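Participant: heads up, no residue letters with this:
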């Protein structure tokens, strides 16, 4: 029995229970059943997994980005890796495609990079995991404390706008973590974009720590720290590069299917209406044309317009979207020319333009430079025009079914 | 961001230079470099670059800056027209 226990333990890392070894072959089961003639034979399964590390705690899962833990006056603090692994890249890909984006968080509290002492800088950030990945990647070779706030899994700027990255949360988190017992200095480095939610002078009043405004982007943090905690002009400005616009496109598009579904259902239903009251045949064939117009509109307004944003003429997003919509609509009408009447072509063209214009206008919410006053002004002019184009399209489409 | 400009003459940004103490907070926090510190006083140098994020007003200890902050998002504004400003939702899985 002794020998058997040893074997099962060595083989699976499981407590010595009389359960069959899961990692070995059939011979283990035979052995347990006493069939095997050589009970002392060592387990031939895969080698034993390493034993559990000293930082494991019952009931907790260790995050993949944690290297180990260090002891500090305020308890154990996780030391995080500055490189990303496969699961981080996979997670990034997923949220960029809009999957599980509203639940990609880390626990708020203190983390550290390298071997920080009582004089190491304290960087404050949001608990959106993607934000955390971006930050820790930039900190290789540095020694710093990271204070993660509970921003409900939302990035710095949006959380500041929603007031979850707020003065109150900074003060509360500083007190909760006992930061004043961890560091000798009284400086917090906050990302500049959190200033929408955090008032530096009120943080000082609330917890005695002084706020230093760090750079807009994590990529500037190393230069900021090396530069005596001073940000130059380029670190203080937001950008909206081609790459930054491109990564937004999949998320923008991922919001659309639930609305498009209704539009398409209505499109198919309306396409069936005609001289013989309702025809399933024309609902199918003409409905497909509506679907093609919708796809063209989405592509022009939610894909092409964001990517080519600075090169499309005009200031208003609705106009930019209308322009790409005109190009897309002309292409569509040309493609379906032999299969449509003039009225149908007009309807498909206007639907494409209206859709593209509307979706392009919605992209304002994802840009870092449109003011609400400006967007509202633009919308008051654009929405009636978009609605008019849509209505004419609708009338032309239904009317064309009766005109033949 | 100078190559990205939006509608001009619409920002609700207001600055009272009488009240300004020249602390420079507005200059530090503005992501569009709307403020410049000159002769120990802040000046608005690019009002049309303002996106009304509200960071400057939030961080002005003297209360010299006023702006109606908000998100320049069409989706949000449509909701605020339909449901009213209070019920309009910014966030959830829908946006940022």
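Facilitator: Cool, got the structure. All figures in this text were calculated on a predicted structure; none of them were measured in a lab.
Participant: mind listing the strands for chain B?
Facilitator: B:14-15, B:35-38, B:41-44, B:65-66 (DSSP state E).
Participant: dump the residue contacts of the residue nearest to residue B:61 when sequence neighbours are not counted.
Facilitator: In space, and not counting its chain neighbours, residue B:61 is closest to residue A:201: 4.4 Å by C-beta to C-beta, 6 or more residues apart in numbering or on different chains. C-beta coordinates here come from the backbone N, C-alpha and C atoms, glycine included. For residue A:201, the contact set (C-beta atoms under 8 Å, 6 or more residues apart in numbering or on different chains) comprises B:25, B:59, B:61.
Participant: separation between the last one and residue A:259?
Facilitator: Using C-beta to C-beta, to the nearest Å, one obtains 45 Å as the distance from residue B:61 to residue A:259.
Participant: what about the two, which has more around it?
Facilitator: residue B:61 (14 against 9; other C-beta atoms under 10 Å in any protein chain shown).
Participant: for the residue nearest to residue B:61, what is the enclosing helix or strand?
Facilitator: helix A:200-207 (DSSP states H and E).
Participant: packing partners of the longest helix anywhere in chain B?
Facilitator: In chain B, taking DSSP state H as the definition, the longest helix is helix B:74-83. Helices and strands touching helix B:74-83, by 3 or more C-beta pairs under 8 Å, 6 or more residues apart in numbering or on different chains; DSSP states H and E, are helix A:342-362, helix A:372-402.
Participant: need these in JSON lines (columns: mean neighbour count).
Facilitator: As requested, the helices and strands packed on helix B:74-83 are exported to JSON lines (neighbours: other C-beta atoms under 10 Å in any protein chain shown):
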{"stretch": "helix A:342-362", "mean neighbour count": "26"}
{"stretch": "helix A:372-402", "mean neighbour count": "18"}
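Participant: point out where the chain drops to low pLDDT.
Facilitator: Went with chain A since none was named. A:1-43, A:404 (pLDDT under 70).
Participant: to clarify, I was referring to chain B.
Facilitator: Using pLDDT under 70, the flagged stretches of chain B are B:1-2, B:89-96.
Participant: if I look at whichever residue of chain B sits closest to chain A, how far off is residue A:379?
Facilitator: At 2.8 Å from chain A, residue B:73 is the closest residue in chain B, using C-beta to the nearest C-beta. Here residue B:73 is placed at a distance of 10 Å from residue A:379 (C-beta to C-beta).
Participant: how far away is the residue lying closest to residue A:170 once chain neighbours are set aside from chain B?
Facilitator: Leaving aside its sequence neighbours, residue A:170 sits nearest to residue A:203 (C-beta to C-beta, 6+ apart; 5.3 Å). Distance, residue A:203 to chain B, using C-beta to the nearest C-beta, to the nearest Å: 10 Å.
Participant: hang on, the earlier thing: return the member of the contacts of residue A:201 nearest to residue A:77.
Facilitator: residue B:59 (29.7 Å; C-beta to C-beta).
Participant: pull the number of nearby residues for that closest one.
Facilitator: Residue B:59 - counted by other C-beta under 10 Å - has 24 other residues nearby.
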